[in-house]
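> pasting the structure only:
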């Protein structure tokens with residue numbers, strides 16, 4: 001039988017730090033879907049997959065609108081993160 005832990009483990013996790021909107025948009029502008037991972041992991045995975053598909057079928061020309069989508073998505077995700085952090089704290 002394992003020894004009891006010396007500290008309680010039933011406490012709530014600390015609130016996540018809000019994401020910076022400027023940093024999120026800069027990373028998305030520089031790195032596209034990879035930069036979007038800072039603000040939204042799900043959004044980064046989705047746009048990475050979408051970028052592969054769109055890039056293959058449009059010979060890379062469809063990546064320009066996708067890059068702009070990443071910047072907009074980063075703005076929305078970081079803004080939502082800040083709003084949620086302010087509501088909690």
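Great, that's in hand. The shown structure was predicted, so the numbers you read here are calculated from the model rather than taken from an experiment.

> using the three-state scheme, assign residue 10.
Secondary structure for residue 10, judged by DSSP: H, G, I helix; E, B strand; the rest coil, is coil.

> whoops, residue 55 was the one
When classified by three-state DSSP, residue 55 comes out as helix.

> how about low-confidence regions in the chain?
1-9, 89 (pLDDT under 70).

> show me where it has its helices.
Listed in chain order, the helices of the chain (DSSP state H) span residues 21-31, 33-36, 41-57, 63-88.

> mind checking which of these is nearest residue 13?
Relative to residue 13, the nearest member of the helices of the chain by Cβ to Cβ is helix 63-88, separated by 11.4 Å. To be clear about C-beta, it is placed using only N, CA and C from the backbone, and glycine gets the same treatment.

> got the angle for the closest one vs helix 41-57?
Angle, helix 63-88 to helix 41-57, by axes from the mean of the first three to the mean of the last three Cα atoms, to 10 degrees: 170 degrees.

> give me the buried positions along helix 63-88.
63, 66-67, 69-71, 73-75, 77-78, 81-82 (16 or more other Cβ atoms under 10 Å).

> could you pull up phi and psi at the most centrally placed residue in the chain?
Nearest to the geometric centre of the chain sits residue 40, at 1.7 Å (Cα atoms, centre = their mean). Dihedral pair for residue 40: phi -150, psi 110, per degrees, to the nearest 10.
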